[in-house]
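J.: what shape does this take:
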Amino acid sequence: MYDQGPIWIPPKIERGELCSYDVSAKQMEALACEAEESAERLRDKLRHRSRDRFEWQVRQVCKPECGMIAEAMTFAIEHAYAAKEVIDVVCGALLDASASPADKLCKPMLISDILHNSSAQVANAWWLRQAFEERLYEIFAKLAAVYKAIEARLKAEHFRKQVLAVLAV
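T.: As a prediction, the model looks like this:
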């Protein structure tokens, strides 16, 4: 529509007519989920269910496969409004003492992807970069400790080269 252009006049509704919408249960659930997420964004915190799902996704990132890393990265970017909590989950998985060096090697790949995509045109995505900045020393100190703890010389060198490759990206 524009100034002095044609005007659209909606049809008249008779008094007895009711508008009825056929909404399925799945659509109702999706609408309820959207409403919860919008309320969640106002709090700057993840819901318990969302945090559990993200923790599971981060734990699944134990092989350098694009699918799992991309899924966790997408979740992190979409939930950037809760950047501190997202970073806590990722750093918690990296700092976990029970994880193997191979598992810990995939976490920097996830961090790299999140940092690379934090410049995306998503609301508050830059908060992720800022939140990671505060924890980088802790992350690299842990990676150095893991490197020093690997007894096999070839495995340690492989670990070091892969971490450096991620940093080069």
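J.: now residue 107: which helix or strand?
T.: Using DSSP states H and E, residue 107 sits in helix 101-117.
J.: show me what counts as buried in that helix.
T.: Neighbour counts over helix 101-117 (16 or more other C-beta atoms under 10 Å) mark 101, 103-115, 117 as buried. Yep, even glycine has a C-beta here, placed from its N, CA and C like the rest.
J.: for it, give me every contacting residue.
T.: The contact list for helix 101-117, computed with C-beta atoms under 8 Å, 6 or more residues apart in numbering, reads 58, 61-64, 69-70, 72-73, 76-77, 90, 93-94, 125, 128-129, 132, 139, 142-143, 146, 149-150, 155, 159, 162-163, 166-167, 169.
J.: residue 130 contacts residue 83, correct?
T.: Yes - Residue 130 sits in contact with residue 83 when judged by C-beta atoms under 8 Å, with a separation of 7.1 Å.
J.: looking at the two, which is more packed in?
T.: Each of residue 130 and residue 83 has its neighbours counted (other C-beta atoms under 10 Å); residue 83 has more, 22 against 13.
J.: could you find the closest non-adjacent residue to residue 83?
T.: Spatial nearest neighbour of residue 83, chain neighbours left out: residue 127 (3.7 Å); criterion: C-beta to C-beta, 6 or more residues apart in numbering.
J.: which elements pack onto the host helix or strand of that neighbour?
T.: Taking DSSP H and E as the definition, residue 127 sits inside helix 126-149. Packed against helix 126-149, as judged by 3 or more C-beta pairs under 8 Å, 6 or more residues apart in numbering; DSSP states H and E, are the following elements: helix 83-95, helix 101-117, helix 153-168.
J.: how about a cut-off of 10 Å?
T.: The helices and strands touching helix 126-149, judged by 3 or more C-beta pairs under 10 Å, 6 or more residues apart in numbering; DSSP states H and E, are helix 66-78, helix 83-95, helix 101-117, helix 153-168.
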